[in-house]
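K.L.:
sequence first, then the predicted structure:
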Amino acid sequence: MTLDSVGPRILVFDSGLGGLTVFAPISAARPDATLTYVADDAFFPYGELSEAALVERVVALMGELVAAYAPDLVVIACNTASTLVLGPLRARFPSLPFVGTVPAIKPAAAASRSRLVSVLATPGTVARDYTRALVREFAGDCEVTLVGSRWLAGLAERALRGENVADEDIAAEIAPGYVERDGRRTDQIVLACTHFPLLAERLRANAPWAAELVDPGPAIARRVDALIGPVTPRRRAELSQAIFTSGAPAPPSLQKALRERGLTISSAN
Ligand code: DGL
């Protein structure tokens, strides 16, 4: 196949549906790319896996995906995985560029006026040395609250599948991120799990006050675009493939949500 017929091949990977918040800006930036979305829902949620189990799973699965889809670039659209497995992936596939998704602590700290910044992530991401190092390096003069939410990624999955998600459940997960100190209030909430921007409107509606929700998706898309090089004249067919590792049937509401984002579930599961 020539590059003209497939364009650059980009694989976007997450444990579930969260990576769609990274897929969307990449899809908009690169209409010439062949995009494949992979959700490792057989192992969702990654936030509950031990570090050793997560490294083993992602490196092994990536071997299969690279063999099957021969991507030119892979986006790990998952903070929980990126903060741990980027090193092992780059060591295992040295000629393949990997773009990760890591907590956007640097821009949040730079933008904060109150110097109260919160990082809303999975329990895995908040426990990582990688995350703690970002806080030390870029937010040393802020009070940073790390919130390891056990349920919010799952609530985002349920909402996108068309299930009912209660406001109280969302409010309870985000409340620890809203801190008041001597008349100052948290003004930057880093959405350090790609699932969370799926719920952005509901996060705002259930927040005790308005704070900036920092979503790294657009910045990741700009990075991918720069690495892939100039846009070619090719335009991809209307829908890209979504692969779910569980092979479980998707309810119609999820199929609709995927179609709205330019994806259709691949029967090659
Ligand atoms: N979307 C993933 C992230 O960005 C996490 C969800 C999970 O726990 O699997 O961290």
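P.N.:
Arrived safely. Numbering: from 1, shown residues only.

K.L.:
for the stretch 101-250 of the chain, what spans make up the helices?
P.N.:
105-111, 123-127, 129-138, 152-160, 167-174, 200-205, 217-228 (DSSP state H, counting those that start in this stretch).

K.L.:
hmm, stretch 17-29 touching the ligand?
P.N.:
Yes. Residues of stretch 17-29 contacting the ligand under Cβ under 6 Å from any ligand atom: G18. No exception for glycine: its C-beta is placed from N, CA and C like everyone else's.

K.L.:
let's see that stretch as PDB, backbone CA atoms only.
P.N.:
C-alpha atoms of stretch 17-29 as PDB (Å, rounded to 0.1, in the frame of the first residue of the first chain):
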ATOM      1  CA  LEU A  17     -13.400   5.100  26.100                       C
ATOM      2  CA  GLY A  18     -11.400   7.900  27.700                       C
ATOM      3  CA  GLY A  19      -8.900   8.000  24.800                       C
ATOM      4  CA  LEU A  20     -11.800   9.300  22.600                       C
ATOM      5  CA  THR A  21     -11.100  12.700  24.200                       C
ATOM      6  CA  VAL A  22      -7.600  12.500  22.600                       C
ATOM      7  CA  PHE A  23      -8.800  10.800  19.400                       C
ATOM      8  CA  ALA A  24     -11.200  13.600  18.600                       C
ATOM      9  CA  PRO A  25      -8.600  16.500  18.300                       C
ATOM     10  CA  ILE A  26      -6.200  14.100  16.400                       C
ATOM     11  CA  SER A  27      -9.000  13.200  14.000                       C
ATOM     12  CA  ALA A  28      -9.800  16.800  13.400                       C
ATOM     13  CA  ALA A  29      -6.100  17.800  12.900                       C
END
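
K.L.:
flag every buried residue along it.
P.N.:
17-27, 29 (16 or more other Cβ atoms under 10 Å).

K.L.:
likewise for stretch 158-169?
P.N.:
Those would be 159-161, 165, for stretch 158-169 by 16+ other Cβ under 10 Å.
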